[in-house]
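Colleague: here's my sequence, what's the structure:
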Amino acid sequence: MTTYRSKIGIELMIPLSILFIWSLITQINTKDWLGLAIILLTSAFFAHILLTIYYQVDDKYLVVKCSFLVRTSINIRSIKTIRESGSILAAAAASLDRLEILYNDNDSILISPKDKEAFIEHLLRINPNIVVIYKKIT
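Modeller: Next up, the predicted model:
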């Protein structure tokens, strides 16, 4: 079983960091210690979520895991298409540099493996019938 970690994108980290830092400064300046505790706990929760996103590939299944929130098993033989995506929809992905995996008849999931090429090659070794669609570079 091979584990692929999620890429953590700066495009998500900068806005979240600015929001949390601004909130922390505001709570400290107003001496709102309860608000500060809530901001710190929320920050820790988000950090935990972002750091526990990973994708496991074995000989039969792709398992998408995001802390205790998401655990999806996909039979690799059911994967039809892998397409590069920049979708902003909620996903088990810590970056907007994403892959959309289409499987079964109408199911899809968005993920963001750090090493996309190795991840795709691994799935293709198991199921060579997967169609891979890359973004057009203009």
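Colleague: bridged to the closest residue to residue 66 other than its chain neighbours, which residues?
Modeller: Spatial nearest neighbour of residue 66, chain neighbours left out: residue 92 (4.1 Å); criterion: C-beta to C-beta, 6 or more residues apart in numbering. The C-beta positions use only the backbone N, C-alpha and C, and glycine is treated the same way. Taking DSSP bridges, one obtains residue 111 as the residues bridged to residue 92.
Colleague: do you know how far residue 92 is from residue 30?
Modeller: 36 Å (C-beta to C-beta, to the nearest Å).
Colleague: and the residue nearest the centre of the protein?
Modeller: Nearest to the mean C-alpha position of the chain, by C-alpha atoms, centre = their mean, lies residue 93 at 1.1 Å.
Colleague: wait, that residue sits on residue 116?
Modeller: No - distance between residue 93 and residue 116: 11.4 Å, which falls outside the contact criterion (C-beta atoms under 8 Å).
Colleague: low-confidence ranges in this protein?
Modeller: Within the chain, the stretches with pLDDT under 70 are 137-138.
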